[in-house]
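Undergrad: Sequence and computational prediction follow.
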Amino acid sequence: MPVHWLRRPAARRVRPRGRNPMTTTATEESLWVRCFHPAPERPVQLVCFPHAGGSASFYFPVSAQLQTTAEVFAVQYPGRQDRRRETSPGDLHTLADQVHGALRDSLRGHRPTVFFGHSMGATLAFEVARRHEAQGGRIAHLFASGRRAPSRVRDEHVHRLSDEQIVEELKLLAGTDTALLGDDEILRMILPAIRSDYEAIETYRCTPGATVAAPITVLTGDSDPKTSRDEAESWRDHTSGPFDLHVRPGGHFFLGSDAPAIIAMLRTVLTASS
């Protein structure tokens, strides 16, 4: 239950009308993918990857804003909302394998695909793109938001903290609605997934020299305590294609206050990719 881009409903599993190459009746894929505004006639698709502790519903406003440009999908990780009884792997490479396995057939579809990931989701999108390209696939563009480059490592151990300390970390980053942080029942449901996600991203180590062919656009907040401009700039080393860096006003969750500009940026790239 992250900060809002705009008002949005709780996440739900959506089965699009008609034939949709992204959300099928296959059990595995339907677990992993949410499509809030089915648009199988659109010439391009956008796949969104949430942050640590986040869920697919974080991207409902993105889907609402871009539904006339692209068909928008959001990945739903285990351990939250309708998947709360499942266990998150606590290892980002394992999670990338699982996401890629669930999306593999859809990514081989006829439409160009753009990835957008925020925070942990940026690194996960990069790893899923690597796996897709290694099998001969192509990602038209990768947006990496709110995360330092995969090769830039900090010594972080939030996943080892007490529940109370993790809540304080969330308040610091404003990554979860503060009203919900005082609800013990809600916290009991979301903290295991948050802890697993933090473990996954904090223990992640990039394969030396790992790159993708996809162009990478990096978005970073000018006061984000988790990513310096230099760390964001290092994403340049992870693509053999074009690279662009945009420093936006705000902290780790600058997306909320800067949504119109980011939506416009996404629309421009999606239109060019179609």
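TA: Alright, I've got the coordinates.

Undergrad: For the rest of this, base every contact and every neighbour count on C-alpha atoms.
TA: Noted.

Undergrad: Endpoints of stretch 80-87, how far apart?
TA: With CA to CA, to the nearest Å as the measure, the first residue of stretch 80-87 is 9 Å from its last.

Undergrad: So which bits of stretch 157-170 are buried?
TA: Neighbour counts using 16 or more other CA atoms under 10 Å place 158-159, 163, 166-167, 170 of stretch 157-170 among the buried residues.

Undergrad: In a markdown table, list those residues along with distance to residue 64.
TA: Formatted as a markdown table, the buried residues of stretch 157-170 follow (distance: CA to CA, whole Å):
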| residue | distance to residue 64 |
| --- | --- |
| 158 | 33 |
| 159 | 33 |
| 163 | 34 |
| 166 | 31 |
| 167 | 30 |
| 170 | 26 |
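
Undergrad: Sort out for me which of these are in helices.
TA: Judged by DSSP state H, helices contain the following of these: 163, 166-167, 170.

Undergrad: Skip ahead from the helix or strand of the chain with the lowest mean pLDDT and say which helix or strand is next.
TA: Considering only helices and strands, the least confidently modelled element of the chain by mean pLDDT, DSSP states H and E is helix 178-181, at a mean of 54. Using DSSP states H and E, the helix or strand that follows helix 178-181 in sequence is helix 184-202.

Undergrad: which other helices and strands contact that next one?
TA: Judged by 3 or more CA pairs under 8 Å, 6 or more residues apart in numbering; DSSP states H and E, the packing partners of helix 184-202 are helix 178-181.

Undergrad: pLDDT at the most centrally placed residue in the chain, what is it?
TA: Nearest to the mean C-alpha position of the chain, counting by CA atoms, centre = their mean, stands residue 49 at 1.9 Å. The confidence metric pLDDT takes the value 98 at residue 49.

Undergrad: so it makes contact with residue 123?
TA: No: between residue 49 and residue 123 there is no contact under CA atoms under 8 Å: 9.2 Å.

Undergrad: quick one: low-confidence parts of the stretch 101-250 of the chain?
TA: Counting by pLDDT under 70, the stretch 101-250 of the chain contains low-confidence residues at 173-185.

Undergrad: Helix or strand: which one has residue 244?
TA: Secondary structure assignment for residue 244, by DSSP H and E: strand 243-248.

Undergrad: show me where the protein has helices.
TA: With DSSP H applied, the chain shows helices at 27-32, 60-66, 92-107, 120-134, 163-173, 178-181, 184-202, 229-233, 259-273, listed in chain order.

Undergrad: Return the most buried member of these.
TA: Highest mean neighbour count among the helices of the chain (mean count of other CA atoms under 10 Å): helix 120-134, with a mean of 23.

Undergrad: Packing partners of that one?
TA: Here helix 120-134 is seen to pack against strand 45-49, helix 92-107, strand 113-118, strand 141-145 when contacts are counted using 3+ CA pairs under 8 Å, 6+ apart.

Undergrad: end-to-end on stretch 39-58?
TA: For stretch 39-58, the first and last residues are 19 Å from each other (CA to CA).

Undergrad: Now do the contacts for residue 213.
TA: If you count contacts by CA atoms under 8 Å, 6 or more residues apart in numbering, residue 213 has them with 133, 239-241.

Undergrad: again, 6 Å this time
TA: Taking CA atoms under 6 Å, 6 or more residues apart in numbering as the criterion, residue 213 is in contact with 239-241.

Undergrad: number of nearby residues for residue 148?
TA: 27 (other CA atoms under 10 Å).

Undergrad: So what does it look like in phi/psi?
TA: phi -70, psi 160 (degrees, to the nearest 10).

Undergrad: right, and it touches residue 232 too?
TA: Yes: using CA atoms under 6 Å, residue 148 and residue 232 qualify as a contacting pair, with a distance of 4.7 Å.
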